Each structure stands twice: as structure tokens, then as C-alpha cells.
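Asker: Let me see the structure of the following:
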Amino acid sequence: MTSYWRFVEQDGGTFVESESISLSTRVPVGLGWLVEPFIKSVPRESLRDFLNATRKGVLQPPASCANGC
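Answerer: Residues are numbered from 1 along each chain as shown. Next comes the predicted model:
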């Protein structure tokens, strides 16, 4: 998976755009029942976890502000 990020500071805030691209291939006949759930869930979970970590990092004050900024 490849991710592209764009950050724009505007209107007193920062806009973040994320674009993720992943490649796929055909699943060999007979292995679909075993492989397809993994192929479909991992990219989605990976992107979800990454976005949640980004949100947490943005909303959490820097360590230097622990006693107030």
C-alpha cells in the first residue's frame, strides 16, 4: 500500500487529505474462501488504524504542553 498526504493550512486550521493505493491480484481458484477475507480486511484495517492514530496525534497536546501552553 502506498499513501500520499497533502496538508494545507487555511482558515485558521489545517486540512489533511490522505490517498491510499494498493495493488491486488487474482486469487487462485480454490483458495478464495481462505485468502479473500484476509485480502479484503487487512488494507481496510490498516488504513483505519493509521487514521485513528493520526487523529489521536493531532488532538493530543504536545508533551511540551503537559503543564499548559
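Asker: CA only for contacts and neighbour counts going forward, please
Answerer: Noted.
Asker: tell me the SS of Ile39?
Answerer: Of the three states, Ile39 takes helix under DSSP: H, G, I helix; E, B strand; the rest coil.
Asker: same thing with Val35?
Answerer: Of the three states, Val35 takes helix under three-state DSSP.
Asker: Do you have the helices of the protein handy? List them.
Answerer: 32-59 (DSSP state H).
Asker: got any ranges where it has weak pLDDT?
Answerer: 65-69 (pLDDT under 70).
Asker: what's the spacing between the residue of the chain most remote from its centre and Gln10?
Answerer: Taking C-alpha atoms, centre = their mean, the residue of the chain most remote from its mean C-alpha position is Gly30, at 31.2 Å. The gap separating Gly30 from Gln10 is 52 Å, by C-alpha to C-alpha, to the nearest Å.
Asker: picking up where we left off before, I'd like the distance between the residue farthest from the centre of the chain and Leu23.
Answerer: 21 Å.
Asker: So what would you say the end-to-end distance of stretch 11-25 is?
Answerer: In stretch 11-25, first residue to last residue: 42 Å (C-alpha to C-alpha).
Asker: oh, I was asking about stretch 6-14
Answerer: Using C-alpha to C-alpha, the two ends of stretch 6-14 sit 10 Å apart.
Asker: In that stretch, which of the residues would be classed as buried?
Answerer: Across stretch 6-14, burial judged by 16 or more other C-alpha atoms under 10 Å covers no residue at all.
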